[in-house]
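[1] Sequence below, structure please.
(one chain, ligands or ions: 1)
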Amino acid sequence: MTLSVQNLRKSYGNHEVLAIPEWSIDDGIYWIQGENGAGKSTLFRTLAGMLPYEGTILLDDRYDLRKQPVEYRLRLNLGEAEPLYPAFLTPADLLAFVAEAKRSPAGQVEELVNALGINFLDQTMGACSSGMIKKTSLALAFLGEPRIIILDEPLITIDQEARGNLFGLIHAYRARGVTFLLSSHQPFEHDDLVITASYALRNKTMMLQNPLAQPNAPEVPS
Ligand SMILES: Nc1ncnc2c1ncn2[C@@H]1O[C@H](COP(=O)(O)OP(=O)(O)OP(=O)(O)O)[C@@H](O)[C@H]1O
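    This is a model prediction of the structure:
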């Protein structure tokens with residue numbers, strides 16, 4: 001399994017947000033749908049190792065987030081829904097910093113900058129539009145040699161051209177073996193991206209929405 005979780009529980013104080021007995025996915029592109037407040041961002045931050053949790057999170061059947069935190073984090077990247085960056089930094093600064101942390105191969109920053117049409121590299125984040133900030137965060141999420149890229153609400157604030165560029169990049173990285181988790185409040189409705197399966201995060205757990213694709217999760221009650 002590319003990613004598997006067991007008995008995953010996450011609470012804020014006594015407010016339990018996630019209680020997932022078992023969930024696992026193979027390679028592919030997955031769409032994760034959830035209503036406001038369902039816990040998508042909490043799930044993604046937990047999977048990215050940013051929040052404490054109970055249970056087990058395992059990548060490629062061998063990298064346990066708790067036991068091999070560095071190896072795990074080098075292989076899983078998260079692009080946040082509404083990223084916040086220090087106002088005085090530029091996209092060039094951020095790309096250089098994250099590229100080093102993620103051990104990005106030579107030429108990758110330029111490849112991503114071109115693919116996403118980032119032409120505001122030296123403008124401070126304080127002067128960037130929300131679409132520019134989002135494009136920067138998307139580029140950061142591809143850096144290194146990840147096995148899994150999670151993009152939380154990747155389509156908000158970007159225009160149609162940028163969406164096409166992003167889908168092209170997702171296809172290219174998928175061809176290199178990268179698995180994607182993409183989230184939205186909406187059901188999946190994009191003809192230009194083929195997804196492996198769609199899940200809904202409901203009642204604190206993951207429910208498969210197209211059970212024919214992958215029969216290892218409970219079906220969403222209609
Ligand atoms: N830092 C926090 N402290 C306390 N409660 C939190 C915190 N972050 C999130 N929550 C609560 O956890 C629940 C899930 O929030 P989360 O942001 O994960 O949902 P979401 O599915 O991403 O929602 P949205 O789509 O509206 O962004 C909500 O009830 C929220 O109030």
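[2] give me the element the spatially most central residue of the chain is part of.
    What sits nearest the mean C-alpha location of the chain, by C-alpha atoms, centre = their mean, is residue 150, with 1.1 Å. Using DSSP states H and E, residue 150 sits in strand 148-151.
[3] Please name every helix or strand in contact with that strand.
    Under the contact definition 3 or more C-beta pairs under 8 Å, 6 or more residues apart in numbering; DSSP states H and E, strand 148-151 sits against strand 76-79, helix 130-141, strand 179-184. Any C-beta I mention is one placed from the backbone N, CA and C, and that applies to glycine too.
[4] go with 10 Å
    Contacts defined by 3 or more C-beta pairs under 10 Å, 6 or more residues apart in numbering; DSSP states H and E place strand 148-151 against strand 29-33, helix 40-47, strand 76-79, helix 130-141, helix 160-175, strand 179-184.
[5] what residues does the shortest one touch?
    Spelled out, that is strand 76-79. Contacts to strand 76-79, defined as C-beta atoms under 10 Å, 6 or more residues apart in numbering, come from residues 3, 41, 44-45, 47-50, 57, 59, 63, 65, 98, 102, 134, 136-154, 166, 178-179, 181-182.
[6] near the ligand, from these?
    residue 41 (C-beta under 6 Å from any ligand atom).
[7] Can I have the buried ones of the contacts of strand 76-79 as a PyMOL selection?
    In PyMOL, this line selects whichever of those come out buried by 16 or more other C-beta atoms under 10 Å:
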select buried, resi 3+41+44+45+47+48+49+57+59+63+65+98+102+134+136+137+138+139+140+141+142+143+144+146+147+148+149+150+151+152+153+154+166+178+179+181+182
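[8] that older thread, my guess is the residue nearest to the centre of the chain contacts residue 32. True?
    Yes. Using C-beta atoms under 10 Å, residue 150 makes contact with residue 32 at a distance of 8.7 Å.
[9] Please give me every residue in contact with residue 5.
    Residue 5 makes contacts with 18, 20-25, 43, 46-47, 53, 55-58, 65, 206, as judged by C-beta under 10 Å, 6+ apart.
[10] try it again with 7 Å
    By C-beta atoms under 7 Å, 6 or more residues apart in numbering, residue 5 lies in contact with 20, 23, 55-57.
[11] Likewise for residue 148?
    Here residue 148 is in contact with 2-3, 59, 75-76, 179, 181 (C-beta under 7 Å, 6+ apart).
[12] now do 6 Å
    Counting by C-beta atoms under 6 Å, 6 or more residues apart in numbering, residue 148 touches 76, 179.
[13] Who does it form a beta bridge with?
    Beta-bridge partners for residue 148, by DSSP bridges, are residue 76, residue 179.
[14] for the protein, what are the low-confidence residue spans?
    Within the chain, the stretches with pLDDT under 70 are 210-222.
[15] Residue numbers of it in contact with the ligand?
    Proximity of the chain to the ligand, by C-beta under 6 Å from any ligand atom, involves residues 12, 17, 34, 36-42, 185.
[16] Please give me every residue in contact with the closest residue to residue 181 other than its chain neighbours.
    Spatial nearest neighbour of residue 181, chain neighbours left out: residue 150 (4.5 Å); criterion: C-beta to C-beta, 6 or more residues apart in numbering. Each residue near residue 150 by C-beta under 6 Å, 6+ apart is listed here: 44, 78, 181.
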